[in-house]
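> Pasting a predicted model and its sequence here:
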Amino acid sequence: MEKYTKESLAKMTPEELENVVLKLQDELEAEKITSKQYSTWWNQETERRRRDVEKLNVLHNLIHSWEDKN
């Protein structure tokens with residue numbers, strides 16, 4: 001992301017300032033999308049891990065119940 005100073009912004013024409021604002025809005029929107037994609041991925045991975053742990057717990061319980069019977 002390009003850095004702007006007060007001085008550089010003060011020297012810009014209204015059209016240039018408008019372009020800067022539009023560019024920054026686009027960059028912000030792209031970051032929101034990236035953040036949302038990461039959040040979605042994280043939630044999916046968390047759910048997958050939770051299901052894996054549930055499966056392991058069931059297997060663990062089955063093994064112990066089988067051992068108790070023998």
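Arrived safely, thanks for sending.
> could you give me the average pLDDT of whichever helix in the chain runs longest?
When every helix of the chain is counted residue by residue (DSSP state H), the longest turns out to be helix 14-69. Averaging pLDDT along helix 14-69 yields 95.
> Centre-most residue in this protein?
With distances taken as C-alpha atoms, centre = their mean, Tyr38 lies nearest the centre of the chain, 2.3 Å away.
> Tell me the secondary structure at Lys3.
State at Lys3, reduced to three classes by DSSP: H, G, I helix; E, B strand; the rest coil: coil.
> how many neighbours does it have?
If you count neighbours by other C-beta atoms under 10 Å, Lys3 ends up with 5. In this view, the C-beta of every residue, glycine as well, is placed from N, C-alpha and C.
> tell me the contacts of it?
Applying C-beta atoms under 8 Å, 6 or more residues apart in numbering, one finds that Lys3 lies in contact with no residue.
> That one and Val20, how far apart?
In this structure, Lys3 and Val20 are separated by 11 Å, where distance is defined by C-beta to C-beta, to the nearest Å.
> swap in His60?
When distance is defined by C-beta to C-beta, His60 is 59 Å away from Val20.
> More neighbours: the two, which one.
When His60 and Val20 are compared on other C-beta under 10 Å, the one with more neighbours turns out to be Val20, at 15 against 10.
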